[in-house]
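*Asks:* Take this sequence and fold it.
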Amino acid sequence: MGTDHFVRITRLRALIDHENTGAGERATAQRMLDRILRKSPGHNGSPASSDRVYGAKHDRPGRHASTASIVESVRDDIAFARNFAVVGGPGELTVHSPLAAAPAELTVAVSTPFADQIVVTIDGIPPAWGWESDEFDRTAATADLRRLADELAEIIDSYNHDGADVGPRFFRTIRAQETTLIR
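*Replies:* Residues are numbered from 1 along each chain as shown. Predicted coordinates:
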């Protein structure tokens with residue numbers, strides 16, 4: 001990729017990330033950037049031979065976005081997933097979302113205690129819905145709570161990258177009250 005592409009990508013990202021860019025102009029710049037990146041080898045401007053893996057929403061908050069701005073995007077995605085319901089007609093497939101199906105009293109908090117870590121904490125979990133005891137009286141997460149944690153991890157991972165030549169953009173932890181479910 002030549003320097004012309006690099007300059008265009010840099011300028012488009014700056015325009016998209018600038019606070020005074022209008023919604024219409026931002027959307028147009030995003031479409032132009034998406035088009036350039038689709039045509040670029042390896043997408044996201046990385047060489048085609050790279051072993052990097054990018055999440056589906058990696059570029060949405062901006063290439064050099066802080067973890068705090070990624071957290072805001074994750075919060076928006078979680079709020080949307082909690083309220084989104086697909087109502088199918090007779091004979092149509094329905095989409096199951098553990099976030100949408102979770103009990104209403106359940107809360108999900110997203111924080112960034114360190115610059116390279118995102119922590120999601122699930123609180124207000126009804127005991128019968130989220131926890132079960134085994135024959136030795138040990139408490140473990142139910143399948144519903146594990147599915148919820150998996151969906152939250154998937155949302156967060158969509159903003160991350162990883163690879164042989166670069167480490168992850170950030171690390172994530174999913175907790176249910178005081179128990180770490182996913183690291």
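
*Asks:* next structured bit after the helix or strand bottoming out on mean pLDDT in the chain?
*Replies:* Lowest mean confidence among the helices and strands of the chain (mean pLDDT, DSSP states H and E): strand 53-54, at a mean of 69. Toward the C-terminal end, the helix or strand that comes next after strand 53-54 (DSSP states H and E) is helix 67-83.

*Asks:* now for that next one, which elements pack on it?
*Replies:* The criterion is 3 or more C-beta pairs under 8 Å, 6 or more residues apart in numbering; DSSP states H and E, and the helices and strands that helix 67-83 contacts are helix 98-101, strand 107-114, strand 117-123, helix 143-157. Where C-beta positions appear, they are placed from N, C-alpha and C, glycine not excepted.

*Asks:* Determine how far the second one lies from the middle of the whole chain.
*Replies:* The reference is to strand 107-114. For strand 107-114, the separation from the chain centroid amounts to 13 Å (computed by C-alpha atoms, centre = their mean, to the nearest Å).

*Asks:* What of the last one?
*Replies:* Its chain's average C-alpha position is 11 Å from that of helix 143-157, according to C-alpha atoms, centre = their mean.

*Asks:* what comes up buried for that helix?
*Replies:* Counting neighbours by 16 or more other C-beta atoms under 10 Å, one finds that the buried residues in helix 143-157 are 144, 145, 146, 147, 148, 149, 151, 152, 153, 155, 156, 157.

*Asks:* And for the spatially closest residue to the fifth one that is not a sequence neighbour, the neighbour number?
*Replies:* It stands for residue 148. Spatially, and ignoring its direct neighbours in sequence, residue 148 is nearest to residue 98 (4.3 Å; C-beta to C-beta, 6 or more residues apart in numbering). The number of residues packed near residue 98 is 17, by other C-beta atoms under 10 Å.
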